[in-house]
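1. just need the structure, nothing else, for what follows:
(2 chains)
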Amino acid sequence: MIHVENLKKSFGSLEVLKDISTTIEEREVVCVIGPSGSGKSTFLRCLNQLEEVTSGKITIEGMEVTSPKVDINKLRERVGMVFQRFNLFPHLTVLENIMLAPKHVKHSERQQNEQKALQLLKKVDLADKRDVYPDRLSGGQQQRVAITRALAMDPHIMLFDEPTSALDPEMVGEVLQVMKDLAKEGMTMVVVTHEMGFAREVADRVIFMDGGYIVEEGTPAEIFDNPQHERTKAFLSKVL
Amino acid sequence: MSSSWDVIVDALPVLAQGSVVTLKITVISLFFALLIGLLFGLMSTSRSKILRGIATAYVDFLRGTPLLVQIFFIYFGLPPVLDIKIPETTAGILALSLNAGAYLAEIFRGGILSIDKGQMEAARSLGLTHGKAMRLVILPQAVRRMIPAFVNQFIVTLKDTSLLTVIGIRELMNSGEIIISSNFRSFEIWAVVAVFYFLMIYILSLLSRSLERRFAK
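-> Reported below is the predicted structural model:
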């Protein structure tokens, strides 16, 4: 489903991704872990081209993302993204946030669009907040709306960029729960996270990145219980 | 010699007419200035070096030369070279629009840049084009923040219209001059002219404050 080949990314003279190759299958949940500055967020952002790659090739559902000829907006309709800092649109209500892209990208019919938005909101327990502006919501609520906003586009893949890092501790659980439900429904997910418990419980595969490389990848059991590389061991000993 | 009161009362109709002209020219000029400002503001935040260069050159040039020179250039300088006649009101509106447009371009640029980068990224990640993201997500937020700066520019442009007296437009300033040239009562007339300008701007400020409160959301 997602195929990454020799991906490299530099910011000026700083090489952040040095040589990344991996494949992510349909319905797979992949968690990317690693120390800050290891390039994991940059890797995620390359997948939907929020960062232009320096070299290498990314193919998503047969679409060559890194080709200059690709219609990047078509790709992004299929790849949802959730950000660390939610990035809800503050001038729009919860419902308007969710309905914006279906309306202006997919031109969906208003009634259908609204119905679907409400349905999705109900699933994350926020139907009563439909007409509220984002600044009246807690961080956990905002992030659940942000997930809903991405899901309203019917993505085939969801990218999560440290979705719980900006949350107060007591709100982390509610967001992770939504993500777990999504994984259970079979969504293909790539999650950059510091939540090792989540990675262990939900991931099909864990990728450990450090210094711009994939150092090690495997099942949660392989990575957490029996890491092969020194750097993986050193990292896990600090976070577990 | 007639009393101050009589002088003022006699002058009022003419000054009121002049005020209407002043307001009309201000509003029309600002309308075009907003379009110019939006255009160059967007250009100056674009990824294209060429567009950014054009926008910077425009802003630098129009901010770097006196408005009075611009007015003279358009009204006296251009017509013989282009072999056209530019009516004074057209020339005045053109000069004010181009001039205020440069300042508004900077206001737009600042407003757009003040919006968190994550907003554009979120919009783009949902599949919106750059243009739609700008129109639906960035500008609505930016414009709200720009309201005080817009009002300030409105006030500046309204006062700048007084310069148009030099090319003979019958706005408030010019009306004052005409009255004084026949009755020689500088003190009363300039005082009343000042009050007229002040009232227009004061009412405008009050309106803008209520507008700001309404958009405070």
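2. now for residue 37, how many residues are close by?
-> Because you didn't say which chain, this covers chain A. A:Gly37: 12 surrounding residues under other CB atoms under 10 Å in any protein chain shown. The way it works is simple: take the backbone N, C-alpha and C, and place the C-beta from them, glycine included.
3. other chain: chain B
-> By the measure other CB under 10 Å, the count of residues near B:Gly37 is 26.
4. can you tell me the closest non-neighbouring residue to it?
-> Nearest residue to B:Gly37 in three dimensions, chain neighbours excluded: B:Leu104, at 2.6 Å (CB to CB, 6 or more residues apart in numbering or on different chains).
5. what pairs with the helix or strand where A:Glu5 lies, and is each one parallel or antiparallel?
-> Element membership for A:Glu5, per DSSP states H and E: strand A:2-11. If you go by DSSP bridges, strand A:2-11 pairs up with strand A:14-24 (antiparallel), strand A:55-60 (antiparallel).
6. pLDDT on it, on average?
-> What strand A:2-11 shows for mean pLDDT is 95.
7. run the chain-centre distance for it.
-> Centroid separation between strand A:2-11 and its chain, computed with CA atoms, centre = their mean, to the nearest Å, is 17 Å.
8. got the CA positions of it in PDB?
-> What follows is strand A:2-11, C-alpha atoms only, in PDB (Å, rounded to 0.1, in the frame of the first residue of the first chain):
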ATOM      1  CA  ILE A   2       2.800   2.400   1.000                       C
ATOM      2  CA  HIS A   3       6.100   1.700  -0.500                       C
ATOM      3  CA  VAL A   4       9.200   3.800   0.400                       C
ATOM      4  CA  GLU A   5      12.400   3.400  -1.400                       C
ATOM      5  CA  ASN A   6      15.700   5.000  -0.500                       C
ATOM      6  CA  LEU A   7      14.000   8.100   0.900                       C
ATOM      7  CA  LYS A   8      16.400  11.000   1.700                       C
ATOM      8  CA  LYS A   9      15.500  14.400   3.000                       C
ATOM      9  CA  SER A  10      17.700  17.400   3.800                       C
ATOM     10  CA  PHE A  11      17.000  20.800   5.200                       C
END
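9. in it, which residues are buried?
-> Buried residues in strand A:2-11, counted by 16 or more other CB atoms under 10 Å in any protein chain shown: A:Ile2, A:His3, A:Val4, A:Leu7, A:Lys8, A:Lys9.
10. same question, stretch A:144-161
-> Neighbour-count burial for stretch A:144-161, counted by 16+ other CB under 10 Å, picks out A:144-153, A:155-161.
11. narrow those to those in strands?
-> A:Ile157, A:Met158, A:Leu159, A:Phe160, A:Asp161 (DSSP state E).
12. turn these into TSV, columns for distance to A:Leu17.
-> Output for these, formatted as TSV (distance: CB to CB, whole Å):
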residue	distance to A:Leu17
A:Ile157	19
A:Met158	21
A:Leu159	15
A:Phe160	18
A:Asp161	15
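13. pick the one among those closest to B:Ser210.
-> Lowest distance from B:Ser210 to these (CB to CB) belongs to A:Asp161, with 41.0 Å.
14. ok, what's across the strand from the closest one?
-> A:Val192.
15. which residues touch it?
-> By CB atoms under 8 Å, 6 or more residues apart in numbering or on different chains, the residues touching A:Asp161 are A:Ser41, A:Leu44, A:Arg45, A:Met81, A:Val82, A:Phe83, A:Gln84, A:Val192.
16. quick one: which helix or strand includes the fourth one?
-> Spelled out, that is A:Met81. According to DSSP H and E, A:Met81 maps onto strand A:79-82.
17. could you identify the helix or strand that succeeds that strand?
-> Next in sequence after strand A:79-82, counting helices and strands by DSSP H and E, comes helix A:94-104.
18. please name every helix or strand in contact with whatever helix or strand comes next after that next one.
-> Following helix A:94-104 in sequence order, the next helix or strand is helix A:110-123 (DSSP H and E). The contact analysis (3 or more CB pairs under 8 Å, 6 or more residues apart in numbering or on different chains; DSSP states H and E) places helix A:110-123 against helix A:94-104, helix A:139-151.
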